[in-house]
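The sequence and its predicted three-dimensional model are supplied below.
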2 protein chains.
Amino acid sequence: MRLAELSERSGVSTATIKYYLREGLLAPGRQINATTAEYDEEHLRRLRLVRALIQVGKVPVANAREVLKHVDDESLGRTIRLGAALWALPQAPDPDEEDPATVAAAAEVDRLLRTLGWESAREIGPLSPVHRSLVALVATLLRLGYPCDAELMRPYAELMYRAAVRDLDRLETYESDTEKVETAVSSAVLFEPVLRSLHRLAQEVESARRYGIE
Amino acid sequence: MRLAELSERSGVSTATIKYYLREGLLAPGRQINATTAEYDEEHLRRLRLVRALIQVGKVPVANAREVLKHVDDESLGRTIRLGAALWALPQAPDPDEEDPATVAAAAEVDRLLRTLGWESAREIGPLSPVHRSLVALVATLLRLGYPCDAELMRPYAELMYRAAVRDLDRLETYESDTEKVETAVSSAVLFEPVLRSLHRLAQEVESARRYGIE
């Protein structure tokens, strides 16, 4: 398809598509002659992902480029490729290692991972920005005097694990590894807010069930 | 306790506490003489909440004031008081009613709520900013060409419902309604990011289990 059709089918203006091409976020089309390039379904799919990252997820262009670099890196094993792409998304700040709350939080997170049998997460540990973010968030709760220990987190972690199994089952319906990684990235950006909304809506429903709507 | 002790126990500087007092985010202490005021445990608890909202949650001062107004409104029934406090937090943007994707999204959300038996959420419907956010988020996914229908959302909604039951069980361990609402607000700001981290960590764990760590 030509640029005009790519724009129409994606709902992204031709000016924005040209910007993504210049920034290297979208691979160039197949040049037919000096002024015309041809795009395919893969371009359309990638364009949707770029839009999800930048326009919806407000991911900075530099982060988006980093994410896509990992998405396209076929030399990586699947877990690492998934991880690298997701790790390149903006993360919560790192923990302040000097703070005693960080030490307490790291101990609680380690205790949680042990009771859950999440050995791979313990092995990767502080190398993973996700692990570091979790420690930083727990440290913030502890510093403000809110309880947040392994016992409190465990049932929530188990629910999230069931969600993760479902996430990966969904990924496996896609053929290529590239599509799997693309879907994981778009879900992290677009579907996590849906989960948060469902959680808040569920709280309203349960509150209405327990206390009525006065 | 005096201002200095309140500052030390909360980890909030006296200058910041004075700012919160001026902005009406914290009730004045009991005046002992012209220059000294006395603060109690309730001040400390409220100060932690204000800090969670403003410093950690990046909630604008005007929103925080609105949230606290509802937290303190003892004339409201519990569900409405909880709802009003949480609804005053910054929400995802409202859906664009003109967009056909919004119509499709609203239909999917309604179908989801019916299959779940979440009748109260259907009744409150578009009055709830949480409901409106969910419709807007689903519309965004549909517009970008990502699948998001009632069947896909249902198992996630059921997991989130189990989390919500646990949330409300936790609230019930607090004595006063004010403490219950305060805890709901601090959880929405501080604990939701923990849930998101646990979800991402669970994805890494399940990916490592299925595909190994190469």
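Great, that's in hand.

so where do the helices sit in chain A?
A:3-10, A:14-22, A:41-51, A:61-71, A:78-87, A:100-116, A:119-124, A:129-143, A:150-171, A:177-186, A:192-211 (DSSP state H).

by how many degrees do the last one and helix B:150-171 diverge?
For the pair helix A:192-211 and helix B:150-171, the angle between their directions (axes from the mean of the first three to the mean of the last three Cα atoms, to 10 degrees) equals 50 degrees.

how about stretch A:13-31: buried residues?
For stretch A:13-31, the neighbour count (16 or more other Cβ atoms under 10 Å in any protein chain shown) marks A:16-17, A:20-21, A:25-26, A:29 as buried. Any C-beta I mention is one placed from the backbone N, CA and C, and that applies to glycine too.

Arrange those in JSON lines, one row each, with pLDDT and distance to A:Ala37 as further columns.
What follows is those, written out as JSON lines (pLDDT from 0 to 100; distance: Cβ to Cβ, whole Å):
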{"residue": "A:Thr16", "pLDDT": "94", "distance to A:Ala37": "16"}
{"residue": "A:Ile17", "pLDDT": "94", "distance to A:Ala37": "11"}
{"residue": "A:Tyr20", "pLDDT": "94", "distance to A:Ala37": "13"}
{"residue": "A:Leu21", "pLDDT": "94", "distance to A:Ala37": "9"}
{"residue": "A:Leu25", "pLDDT": "93", "distance to A:Ala37": "16"}
{"residue": "A:Leu26", "pLDDT": "94", "distance to A:Ala37": "11"}
{"residue": "A:Gly29", "pLDDT": "93", "distance to A:Ala37": "3"}
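
from those residues, which is closest to A:Ser120?
For the buried residues of stretch A:13-31, the residue nearest A:Ser120 by Cβ to Cβ is A:Leu25; the value is 31.5 Å.

tell me the contacts of the residue nearest the centre of chain A?
By Cα atoms, centre = their mean, chain A has its centre lying nearest to A:Ala188, at 2.8 Å. Listed by Cβ atoms under 8 Å, 6 or more residues apart in numbering or on different chains, the contact set of A:Ala188 reads A:86, A:89, B:200.

top of the residues you listed by neighbour count?
Highest neighbour count within the contacts of A:Ala188, by other Cβ atoms under 10 Å in any protein chain shown: B:Arg200, with 26 neighbours.

and it, what does it touch?
A:86, A:130, A:188 are the contacts of B:Arg200 under Cβ under 8 Å, 6+ apart.

State the pLDDT value of the closest residue to A:Ser207 other than its chain neighbours.
Leaving aside its sequence neighbours, A:Ser207 sits nearest to B:Thr79 (Cβ to Cβ, 6 or more residues apart in numbering or on different chains; 4.6 Å). On the pLDDT scale, B:Thr79 is placed at 83.

quick one: B:Thr79 and A:Ala64, what's the gap?
Applying Cβ to Cβ, to the nearest Å, the value for B:Thr79 to A:Ala64 is 41 Å.

the more surrounded of the two?
Remark: of B:Thr79 and A:Ala64, A:Ala64 carries more neighbours, 23 against 20, as counted by other Cβ under 10 Å.

who's in contact with the more buried one?
Going by Cβ under 8 Å, 6+ apart, the list of residues near A:Ala64 reads A:25, A:50, A:53-54.

Check the offset of the helix or strand of chain A with the lowest mean pLDDT from the chain's centre.
When the helices and strands of chain A are scored by mean pLDDT, DSSP states H and E, helix A:78-87 comes last with a mean of 85. Offset of helix A:78-87 from its chain centre (Cα atoms, centre = their mean, to the nearest Å): 10 Å.

Likewise for stretch A:67-83?
13 Å.

C-alpha coordinates for it, CSV please?
C-alpha atoms of stretch A:67-83 as CSV (Å, rounded to 0.1, in the frame of the first residue of the first chain):
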residue,chain,number,x,y,z
VAL,A,67,12.1,-0.8,23.0
LEU,A,68,11.8,-1.4,19.3
LYS,A,69,15.5,-2.3,19.0
HIS,A,70,14.9,-5.2,21.4
VAL,A,71,11.6,-6.2,19.7
ASP,A,72,13.6,-6.6,16.5
ASP,A,73,16.6,-8.4,17.9
GLU,A,74,16.1,-11.9,16.7
SER,A,75,19.4,-13.0,18.2
LEU,A,76,18.0,-12.9,21.7
GLY,A,77,16.2,-15.8,23.5
ARG,A,78,12.5,-15.3,24.0
THR,A,79,12.6,-14.5,27.7
ILE,A,80,15.5,-12.0,27.3
ARG,A,81,14.0,-10.4,24.2
LEU,A,82,10.6,-9.9,26.1
GLY,A,83,12.4,-8.7,29.1
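
And stretch A:120-129, what's buried?
A:120-122, A:124, A:128-129.

thinking again about what came up before, if I look at the residue nearest to the centre of chain A, how far off is B:Leu171?
Taking Cβ to Cβ as the measure, A:Ala188 falls 29 Å from B:Leu171.

same deal with A:Leu21?
51 Å.

what bits of chain A have low per-residue confidence?
Along chain A, segments meeting pLDDT under 70 span A:214.

Could you chop it up by domain?
Listed by automatic domain parsing, the domain ranges of chain A are A:3-86, A:92-211.

Point out the most buried one among these.
For the domains of chain A, the stretch with the most neighbours on average is domain A:92-211, a mean of 19; neighbours defined as mean count of other Cβ atoms under 10 Å in any protein chain shown.
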